[in-house]
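>>> Give me a 3D structure for the following:
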Amino acid sequence: MQYTIQQIADALGAESQGETGLIIEGAAEPSDAGPAELAMAMSPKYAEALSGGSARAAVLWVDADWKALGLDAAIFVPRPRMAMAGITEMLDRGQGVEAGIHPSAVVDPSAVLAEDVAIGPLTVIGARARIGKGAVIGAHCVIGMDAVLGEDATLREMVSIGARAQIGDRFIAQPGARIGGDGFSFVTPEVSDVENVRKTMGDKGEARAQSWLRIHSLGAVEIGDDVEIGSNCTIDNGTIRNTCIGNGSKLDNLVHVGHNTRVGQDCLLCGQTGVSGSVEIGNNVVLGGQTGVVDNIFIGDGVISGGGTKILSNVPAGRVMMGYPGIKMETHTDVYKAQRRLPRMARDVEALKKAVFKQPSSD
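Here you go, the predicted structure:
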């Protein structure tokens, strides 16, 4: 995969200078870049490391003095992370899944595969499944019966998609993602201790032994366009209605989405976030790493939670949350500051007590 400096600059809509016909075969950090690699030196801090490598060309900040940095060519970008998105897309070599269907793959005769589909070794595609054109499915994947996978999807190795899942275009799933497992839903013949505790928010009273009966998942998982699912994510089927992930949402590694939950558009669910069942999440919500969300609540549009937040009640649109239990970030910050002052306050109170009790009697 080779591009000239000019081709890369044109794709980014960026300015370039110098030997713009220079051929680039990859990207590297400034100190590691070789002559055929584009050094990612997008700020003066990173450009200092250029002398440690042998790059001839680099991506630089606007108005950088590329000649003084000893370069033969440069691309100038006003927003580095946006440039990173374009450059990495151009230079991504993929996972090497060859076009066509690998001989070891098992494809049900009733499945419908569009043109230009690539199916890796030992993949299994179930009855009546439909795979859109340009999809790339890695080794050891499983796509269940009646599932639909849209155009230009990419499934890394060992992804499983359960029966009846409906997935849009340009879907990306990282290794080990599990979509469409049954929801964690059980019931006892009589009212359980868990239900009593939830109702009373207190002691459960006398313990009663009961067995749990399974509630089956009749719903499936519905995923929109341009969604990405990280490694070892789990998204459960709905009980009756589908569990839904909206267009453009991205789930980091080890995220769990419970049954019946609906995630809106363009949300970010960061690593190890756990969302319980029947949660309604609005659009453009960001849940930081290890956020926990209790079941049967709503989270409004544009909400942001800091890492480790535990959301135990409804959150209105636009709020920034932090802590356990999750409260407004500014309130949590005040509480944290006060908590840090507690040892000093305790010492001050102890000193005041000693001073008061040592005062001579007024009699």
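>>> Can you name every helix or strand that the helix or strand hosting residue 349 contacts?
According to DSSP states H and E, residue 349 maps onto helix 329-357. Contact here means 3 or more Cβ pairs under 8 Å, 6 or more residues apart in numbering; DSSP states H and E; on that basis helix 329-357 packs against strand 320-322. Heads up, the C-betas are built off the backbone N, CA and C, glycines and all.
>>> Residue 180 touches residue 165, doesn't it?
Yes. Residue 180 lies in contact with residue 165 (Cβ atoms under 8 Å); the separation is 4.7 Å.
>>> shared neighbours, the two?
Residues touching both residue 180 and residue 165 (Cβ atoms under 8 Å, 6 or more residues apart in numbering): 144, 147, 220-221.
>>> Show me what residue 181 bridges to in the sheet.
residue 236 (DSSP bridges).
>>> Tell me the one among the shared contacts of residue 180 and residue 165 nearest to residue 293.
residue 221 (17.7 Å; Cβ to Cβ).
>>> now the shared contacts of residue 180 and residue 165 in JSON lines, with neighbour count?
Shown next, in JSON lines, are these (neighbours: other Cβ atoms under 10 Å):
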{"residue": "144", "neighbour count": "20"}
{"residue": "147", "neighbour count": "26"}
{"residue": "220", "neighbour count": "23"}
{"residue": "221", "neighbour count": "26"}
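>>> Could you export the lowest-mean-pLDDT helix or strand in the chain as CSV, CA atoms only?
None of the helices or strands of the chain scores lower by mean pLDDT, DSSP states H and E than helix 193-200, at a mean of 76. Provided in CSV are the C-alpha atoms of helix 193-200 (Å, rounded to 0.1, in the frame of the first residue of the first chain):
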residue,chain,number,x,y,z
ASP,A,193,-35.9,-11.5,48.6
VAL,A,194,-34.4,-9.4,45.8
GLU,A,195,-37.8,-7.9,45.0
ASN,A,196,-38.6,-7.2,48.6
VAL,A,197,-35.3,-5.4,49.1
ARG,A,198,-35.9,-3.4,46.0
LYS,A,199,-39.3,-2.4,47.3
THR,A,200,-38.3,-1.6,50.9
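>>> Find the residue ranges of the chain scoring beneath the pLDDT cut-off.
204-207, 359-363 (pLDDT under 70).
>>> can you give me the helices for it?
5-12, 44-47, 80-91, 193-200, 329-357 (DSSP state H).
>>> Which one, of those helices, ends up nearest to residue 233?
helix 80-91 (21.4 Å).
>>> what distance separates that closest one from the centre of its chain?
18 Å (Cα atoms, centre = their mean, to the nearest Å).
>>> how many neighbours does residue 45 have?
By other Cβ atoms under 10 Å, 9 other residues sit near residue 45.
>>> Could you measure from it over to residue 61?
Distance, residue 45 to residue 61, using Cβ to Cβ, to the nearest Å: 10 Å.
>>> ok, residues contacting stretch 54-69?
5, 15, 17-19, 22, 24, 28, 30, 33-35, 37-44, 47, 50, 71-78, 80, 83, 87.
>>> Repeat the analysis, applying 6 Å as the threshold.
The contact list for stretch 54-69, computed with Cβ atoms under 6 Å, 6 or more residues apart in numbering, reads 5, 22, 33-35, 38-43, 47, 50, 71-78.
>>> Among these, name the buried ones.
5, 22, 33, 38-42, 47, 50, 71-77 (16 or more other Cβ atoms under 10 Å).
>>> Burial check on residue 63, number of neighbours?
7.
>>> returning to what we had before: can you give the distance of the helix holding residue 349 from its chain's centre?
Its chain's C-alpha centre and that of helix 329-357 lie 39 Å apart, by Cα atoms, centre = their mean.
>>> before we move on, what about stretch 255-266?
12 Å.
>>> Repeat that for stretch 152-171.
16 Å.
>>> Could you list the residues in contact with it?
Residues contacting stretch 152-171 (Cβ under 6 Å, 6+ apart): 134-151, 172-180, 220-227.
>>> Kindly report the same for stretch 21-32.
2-5, 36-41, 46, 49-50, 52-53, 57, 73, 87, 91.
>>> End to end on that stretch, go ahead and measure it.
Start-to-end span of stretch 21-32 (Cα to Cα, to the nearest Å) is 22 Å.
>>> how about that stretch: buried residues?
Within stretch 21-32, the residues that count as buried by 16+ other Cβ under 10 Å are 22, 24, 27-30.
>>> what's the answer for stretch 327-341, then?
327, 329, 332.
>>> Roughly how far does residue 133 sit from residue 150?
Distance, residue 133 to residue 150, using Cβ to Cβ: 9 Å.
>>> who has more neighbours, the two?
Applying other Cβ under 10 Å to residue 133 and residue 150 shows that residue 150 carries more neighbours, namely 23 against 14.
>>> Give the phi and psi angles for the more buried one, as a check.
phi -70, psi -170 (degrees, to the nearest 10).
>>> Spatially nearest residue to it, not counting backbone neighbours?
In space, and not counting its chain neighbours, residue 150 is closest to residue 169: 3.8 Å by Cβ to Cβ, 6 or more residues apart in numbering.
>>> Tell me how many other residues crowd the one you found.
18.
>>> cool, and residue 355?
9.
>>> separation between it and residue 24?
74 Å.
>>> And the residue lying closest to residue 87 once chain neighbours are set aside, how far from residue 76?
If the residues on either side of it in the chain are set aside, residue 87 comes closest to residue 27, at 6.0 Å by Cβ to Cβ, 6+ apart. For residue 27, the distance to residue 76 equals 16 Å [Cβ to Cβ].
>>> Was I right to think residue 236 contacts residue 258?
Yes. Using Cβ atoms under 6 Å, residue 236 is in contact with residue 258, at 5.5 Å.
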